[in-house]
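Asks: Build me a model from this:
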Amino acid sequence: MANPIIAPFPAGRLRRLRRSPNIRAMVSEVNLTPANLIWPIFVTEVQGAEGEIASMPGVDRLTIDGVKRAAERAARLNIPAICIFPHSDSDLRTDGCERAWDPDNIGNQAIRAVKETVPDLVVMTDIALDPYNANGHDGLVVNGEILNDETVEALVRMALVQAESGADILGPSDMMDGRIAALRGALEQAGHKNTAILSYAAKFASAYYGPFRDAVGASGRLVGDKKTYQINPANKGEAIRCVARDLSEGADMVMVKPGMPYLDICRAVKDEFGAPTFAYQVSGEYAMIEGAIRNGWLSQDVMVESLLAFRRAGCDGVLSYFAPTVAEMLA
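Replies: Residues are numbered from 1 along each chain as shown. Modelled structure (predicted):
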């Protein structure tokens with residue numbers, strides 16, 4: 001930023017530009033609109049598992065019919081995209097994760113349901129094996145080791161089926177090395193040249209993911225932790241290298257995850273690369289803010305303020321469970 005020139009008081013009165021709502025709007029440095037939001041939703045195939053998630057009050061697991069209603073709501077609110085996360089039957093999860101590339105798994109059913117209901121709504125998906133993995137990891141596990149190259153082969157199979165089902169944006173969240181190049185090459189070869197990749201390029205081994213793991217049914221299954229493939233929260237330089245790698249391999253957009261505790265990473269990524277940059281306001285962030293609102297400790301305005309922080313840090317958009325509520329507030 002250039003060095004500001006400020007006239008001495010009283011010629012310079014900074015409050016002049018704060019005196020009315022319209023003047024404040026005219027000089028707002030960043031804006032937040034529904035176009036900056038992606039709405040993450042959960043879809044379940046488990047009978048009786050639909051409804052509110054205890055650790056994420058206000059967020060529900062949806063049936064396929066619920067997904068259709070969510071798509072219609074997103075369209076009414078001018079939210080351009082939703083991101084689908086599956087809650088699969090725990091009895092059908094395996095070490096080989098074969099259901100991840102089943103065309104009729106619950107995630108792919110949800111993609112097709114959205115496209116049948118609101119064809120123009122952008123559908124983003126998650127590319128990782130944890131929803132279908134018996135041990136809760138994002139990759140294949142053999143003798144306690146999360147395998148990289150074999151996992152990438154499985155992720156390619158998963159991605160191709162999601163693209164065939166109608167996904168517009170694929171979100172590889174696994175953090176395996178080399179997966180972006182493999183995905184981009186496979187998509188091109190299969191004729192899905194227009195399918196975009198929004199890479200979880202800087203995904204940290206965070207303690208903020210707990211409620212999400214409850215939502216997808218992975219909490220009780222995770223064996224060990226994910227520190228051998230997700231980034232150490234202390235490492236900014238490593239995160240920048242991961243983003244550079246994914247862009248060089250063909251990612252169209254990149255994501256930082258979690259969000260608010262990593263705004264410095266968001267700013268660094270945008271300044272360094274200038275690529276479309278997103279952040280995920282993750283389940284733990286949501287749960288803290290929503291819990292404070294429900295207890296009367298904070299007002300709903302904090303939702304908008306938290307999302308403005310991402311925009312100010314350089315993010316083009318945010319995945320947020322607050323998306324529909326904030327879109328209504330902005331309207």
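
Asks: check contacts around the closest residue in space to residue 199 that isn't next to it in sequence.
Replies: Leaving aside its chain neighbours, residue 199 sits nearest to residue 251 (3.9 Å; criterion: CB to CB, 6 or more residues apart in numbering). In short, each C-beta sits where N, CA and C put it, glycine included. Shown in contact with residue 251 (CB atoms under 8 Å, 6 or more residues apart in numbering): 180, 184, 197, 198, 199, 201, 275.

Asks: What is the nearest of those to residue 331?
Replies: residue 198 (25.6 Å; CB to CB).

Asks: Give me the secondary structure label for that closest one.
Replies: strand (DSSP: H, G, I helix; E, B strand; the rest coil).

Asks: Would you mind listing the residues in contact with it?
Replies: Per CB under 8 Å, 6+ apart, neighbours of residue 198: 124, 169, 170, 171, 251, 252, 253, 254, 255, 278.

Asks: Kindly indicate which of the residues you listed lies nearest residue 29.
Replies: Distances from residue 29 to the contacts of residue 198, taken by CB to CB, are shortest for residue 278, at 19.5 Å.

Asks: ok, and what's touching stretch 144-161?
Replies: 97, 100-103, 108, 127-129, 137-141, 170, 172, 174, 176-179, 182-183, 186-187, 190, 192, 223-224, 228-229.

Asks: Send me that stretch as PDB with only the CA atoms.
Replies: Below are the C-alpha coordinates for stretch 144-161, written out as PDB (Å, rounded to 0.1, in the frame of the first residue of the first chain):
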ATOM      1  CA  GLY A 144      -0.400 -47.700   9.500                       C
ATOM      2  CA  GLU A 145       1.100 -45.800   6.600                       C
ATOM      3  CA  ILE A 146      -1.000 -43.400   4.500                       C
ATOM      4  CA  LEU A 147       0.000 -44.300   1.000                       C
ATOM      5  CA  ASN A 148       0.500 -41.400  -1.400                       C
ATOM      6  CA  ASP A 149       0.800 -42.700  -5.000                       C
ATOM      7  CA  GLU A 150      -1.900 -45.500  -4.500                       C
ATOM      8  CA  THR A 151      -4.200 -42.900  -3.000                       C
ATOM      9  CA  VAL A 152      -3.700 -40.600  -6.000                       C
ATOM     10  CA  GLU A 153      -4.800 -43.400  -8.300                       C
ATOM     11  CA  ALA A 154      -8.000 -43.800  -6.200                       C
ATOM     12  CA  LEU A 155      -8.700 -40.100  -6.100                       C
ATOM     13  CA  VAL A 156      -8.500 -40.000  -9.900                       C
ATOM     14  CA  ARG A 157     -11.100 -42.700 -10.200                       C
ATOM     15  CA  MET A 158     -13.300 -40.800  -7.700                       C
ATOM     16  CA  ALA A 159     -12.900 -37.500  -9.600                       C
ATOM     17  CA  LEU A 160     -13.800 -38.900 -12.900                       C
ATOM     18  CA  VAL A 161     -17.000 -40.300 -11.600                       C
END
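
Asks: May I ask which helix or strand encompasses the closest residue in space to residue 207 that isn't next to it in sequence?
Replies: Excluding its sequence neighbours, the residue lying closest to residue 207 (CB to CB, 6+ apart) is residue 284, at 7.1 Å. Element membership for residue 284 (DSSP states H and E) is helix 283-294.

Asks: which parts of the helix or strand following that helix are buried?
Replies: Beyond helix 283-294 in the direction of the C-terminus, DSSP H and E gives the next helix or strand as helix 301-312. Going by neighbour count (16 or more other CB atoms under 10 Å), the buried part of helix 301-312 is 303, 306, 307, 308, 309, 310, 311.

Asks: what would those residues look like in TSV with pLDDT?
Replies: TSV is the format used below for the buried residues of helix 301-312 (pLDDT from 0 to 100):
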residue	pLDDT
303	97
306	98
307	98
308	98
309	98
310	98
311	98
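
Asks: Now stretch 212-232: buried residues?
Replies: For stretch 212-232, by 16+ other CB under 10 Å, it's 212, 213, 214, 215, 216, 217, 218, 221, 226, 229, 230, 231.

Asks: Over to stretch 231-251?
Replies: 231, 233, 239, 240, 242, 243, 245, 246, 247, 249, 250, 251.

Asks: repeat for stretch 63-75
Replies: Buried-residue list, stretch 63-75, by 16+ other CB under 10 Å: 63, 66, 67, 68, 70, 71, 73, 74, 75.

Asks: which stretch of helix or strand covers the fifth one?
Replies: In the assignment (DSSP H and E), residue 70 maps to helix 64-76.

Asks: so for that helix, what's the average pLDDT?
Replies: The pLDDT scores in helix 64-76 average 98.
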